[in-house]
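1. give me coordinates for this.
(one chain, ligands or ions: 2)
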Amino acid sequence: MQSSNVKELLSAKQLLQEVSVNGWVKTFRSNRFIALNDGSTINNIQCVVDFEQFDENLLKKVTTGAAIKVSGTLVESQGKGQAVEIQVNEITIHGEADPEEVKLTILSPKRHSLETLREQAHLRIRTNTFGAIMRVRSALSFAIHQYFRQNEFQYFHAPIITGSDAEGAGEMFRVTTLDEKKPPLDENGEVDYKEDFFGKETNLTVSGQLEAEAYAMALGKVYTFGPTFRAENSNTSRHLAEFWMIEPEMAFYDLDANMDLAEDFIKNVITYVLDNCEEDLKFLEKRLLDEEKTKPQAERSEMALIEKLKFVADNNFKRVSYTEAIDILRNSKPNKKKKFKYPINEWGADLQSEHERFLVEKHFKCPVILFDYPAKIKAFYMRLNDDGKTVRAMDILFPGIGEIVGGSQREERLDVLKQKVAELGIDEKELWWYLDLRKFGTATHSGFGLGFERLVLFATGMGNIRDVIPFPRTPQSADF
Ligand code: 4AD
Ligand code: MG
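-> Ligands and ions are numbered 1, 2, ... in the order given. This next block holds a predicted model:
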């Protein structure tokens, strides 16, 4: 007999059929009721055991955490809380879990803090909370690919090891095979990277954008969805050293078309999750409500999780220029009352997350797209506006998250780009191939990067980015 999964069984129409299912024991009550879960759904299937029919020694091995196979008859449930249950005929133990040892882990059925769960990231996925988060994460990834496929994008794989610093921020992880204790030196006594594996300095990519631009200039509409790495020492609830980024890049798109796409894309994938992850979202919504009960009223969310997701899916994002945003911030209450850690005094200031969150959560109360930022605070590749001081950049800011998307229309004019590169002291030789793209059939083009974990944070209502990626990498932490 083919084994079923719990999700199928719980929605089975045909009762009285013989079924078998594999999973992990959540609890075993009164030597009679096994709550079994296999990860296919947040819900457990109840397996009812007539203990007189079973060997006592076998039943002793049915303990929380053990992997077992249950065979029996699917029947209408006698108890409350579930429509069907399995009347068990046979139990096979795949792997035991010693109760004494289980007690010391997060598998023990009681409340564990998210911090404790992080320390056992290999087991936390067996909890209801992490099962729900990771199923939503998986659904979102699928929705992303589906969206781009339906919109005629080509999926392209950017390299992980690169020789360029796409963001020009210098926050990169070096990739080298040189002997760290005795590296080869050049005549100036400096490390000689010509001797290194690639014959040059290389690093883990911070963004696949530059390579995506090359592909967009041939395939038209492309996207990458892969891991990116940043050695920024930001120990916050929004930063990871290794995170996944979705980066679409489109030939013949200007900034307005780019913003339209980003907004439609986000709404579409959130709608997908609303339509396909209802039970997990309900669970996560309740988790969030319980968590917020311990917080002062002012810190609680105004909307419950599902309502918030629907709100974002159904309402237009507010589009505001950087200049307008600065005016709003300058005249805002927290600025006048000196409540911002970084007061906004003049045009040109970089926006901190306190400013972004003020705009989104207090002022506009909806997602906001800020555009036309000062050139000085943005990357070298963004298209210069006619005013000579702003660039065609856009950031999308989300409630509770801050920046979720960063994008721009790219500088397609060779002379302007070259000048920018020179001003920033970047060696033209390093970008020779990128500059080439402006020589051979250059065209208006745009793209953006969506931080996948920030999207998962938003969709799950979780508060810390470490809890929405399976095995988080952050400063001083790369276990598992
Ligand atoms: O704004 P960023 O740095 O933009 C780029 O990398 C562009 N090259 C993207 C493009 O135009 N193709 O990063 C894009 C997004 C941010 O808005 C944020 O959501 C996420 O990536 N992000 C991070 N997420 C988690 N941890 C970090 N350390 C992140 N840094 C950026
Ligand atoms: Mg950014």
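2. alpha carbons only for contacts and neighbour counts from here, please
-> Will do.
3. export stretch 87-94 to CSV, keeping only CA atoms.
-> Taking Å, rounded to 0.1, in the frame of the first residue of the first chain, the C-alpha atoms of stretch 87-94 are listed here in CSV:
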residue,chain,number,x,y,z
GLN,A,87,-8.0,3.4,13.8
VAL,A,88,-4.5,1.8,14.1
ASN,A,89,-3.8,-1.8,13.1
GLU,A,90,-0.1,-1.6,12.9
ILE,A,91,2.8,0.5,14.1
THR,A,92,6.3,0.4,12.8
ILE,A,93,9.1,2.3,14.6
HIS,A,94,11.5,4.0,12.2
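4. mean confidence score for it?
-> Averaging pLDDT along stretch 87-94 yields 98.
5. what residues does the helix or strand bottoming out on mean pLDDT in the chain touch?
-> Ranked by mean pLDDT, DSSP states H and E, the helix or strand of the chain with the weakest confidence is helix 353-357, at a mean of 92. For helix 353-357, the external contacting residues (CA atoms under 8 Å, 6 or more residues apart in numbering) are 329, 340-341, 397-403.
6. just the residues you listed that are near ligand 1?
-> Contacts with ligand 1 within the contacts of helix 353-357, counted by CA under 6 Å from any ligand atom: residue 403.
7. so is the next helix or strand after the least confident helix or strand of the chain next to ligand 1?
-> Following helix 353-357 in sequence order, the next helix or strand is strand 368-374 (DSSP states H and E). No. On the criterion CA under 6 Å from any ligand atom, strand 368-374 is out of touch with ligand 1, staying 11.5 Å away.
8. strand partners (parallel or antiparallel) of strand 368-374?
-> strand 318-321 (parallel), strand 390-398 (antiparallel) (DSSP bridges).
9. make JSON lines from those strands and add mean neighbour count to it.
-> Formatted as JSON lines, those follow (neighbours: other CA atoms under 10 Å):
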{"stretch": "strand 318-321", "mean neighbour count": "15"}
{"stretch": "strand 390-398", "mean neighbour count": "26"}
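10. and residue 182, which of the ones you listed is closest to it?
-> Evaluated over the strands paired with strand 368-374, closeness to residue 182 peaks at strand 390-398, with 44.0 Å, by CA to CA.
11. ok, which pair from the contacts of helix 353-357 is furthest apart?
-> Pairwise over these, using CA to CA, the maximum falls at 341 and 398, 20.2 Å.
12. coming back round to it: what about the contacts of helix 353-357, which are in helices?
-> Cross-referencing the contacts of helix 353-357 against helices under DSSP state H gives residue 329.
13. how far away is the residue nearest in space to the middle of the chain from residue 264?
-> The centroid of the chain falls nearest to residue 453 when counting by CA atoms, centre = their mean (1.5 Å). According to CA to CA, to the nearest Å, residue 453 and residue 264 sit 19 Å apart.
14. one more: residue 10?
-> For residue 10, the distance to residue 264 equals 34 Å [CA to CA].
15. which of the two has more residues huddled nearby?
-> Neighbours were counted for residue 10 and for residue 264 using other CA atoms under 10 Å; residue 10 has more, 18 against 15.
16. thought residue 83 was touching that one, still the case?
-> Yes. In terms of CA atoms under 8 Å, residue 10 counts as a neighbour of residue 83; the distance is 7.4 Å.
17. possible to save the contacts of helix 353-357 as JSON lines with pLDDT?
-> Formatted as JSON lines, the contacts of helix 353-357 follow (pLDDT from 0 to 100):
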{"residue": "329", "pLDDT": "97"}
{"residue": "340", "pLDDT": "95"}
{"residue": "341", "pLDDT": "95"}
{"residue": "397", "pLDDT": "97"}
{"residue": "398", "pLDDT": "96"}
{"residue": "399", "pLDDT": "92"}
{"residue": "400", "pLDDT": "91"}
{"residue": "401", "pLDDT": "93"}
{"residue": "402", "pLDDT": "93"}
{"residue": "403", "pLDDT": "95"}
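18. want to throw the contacts of helix 353-357 into TSV with distance to residue 70?
-> Compiled in TSV, those are given as follows (distance: CA to CA, whole Å):
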residue	distance to residue 70
329	61
340	59
341	58
397	48
398	45
399	45
400	43
401	43
402	47
403	47
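19. drop anything exposed from the contacts of helix 353-357.
-> 329, 340, 397-403 (16 or more other CA atoms under 10 Å).
20. in the helix or strand hosting residue 334, what's buried?
-> Under the criterion of DSSP H and E, residue 334 resides in helix 333-336. For helix 333-336, the neighbour count (16+ other CA under 10 Å) marks residue 335 as buried.
21. can you check stretch 26-34 too?
-> Those would be 26-28, 32-34, for stretch 26-34 by 16+ other CA under 10 Å.
22. between the two ends of stretch 271-285, how far is it?
-> 16 Å.
23. can you tell me how far residue 28 sits from ligand 1?
-> Relative to ligand 1, residue 28 is positioned 40 Å away (CA to the nearest ligand atom, to the nearest Å).
24. mind listing what the nearest residue to that residue once chain neighbours are set aside touches?
-> Excluding its sequence neighbours, the residue lying closest to residue 28 (CA to CA, 6 or more residues apart in numbering) is residue 34, at 4.4 Å. Residues near residue 34 by CA under 8 Å, 6+ apart: 25-28, 46-49.
25. for residue 34, give me phi and psi.
-> Main-chain dihedrals, residue 34, degrees, to the nearest 10: phi -100, psi 130.
26. and it, what are its bridge partners?
-> Under the criterion used here (DSSP bridges), residue 34 is bridged to residue 28, residue 47.
27. and the pLDDT at it?
-> 98.
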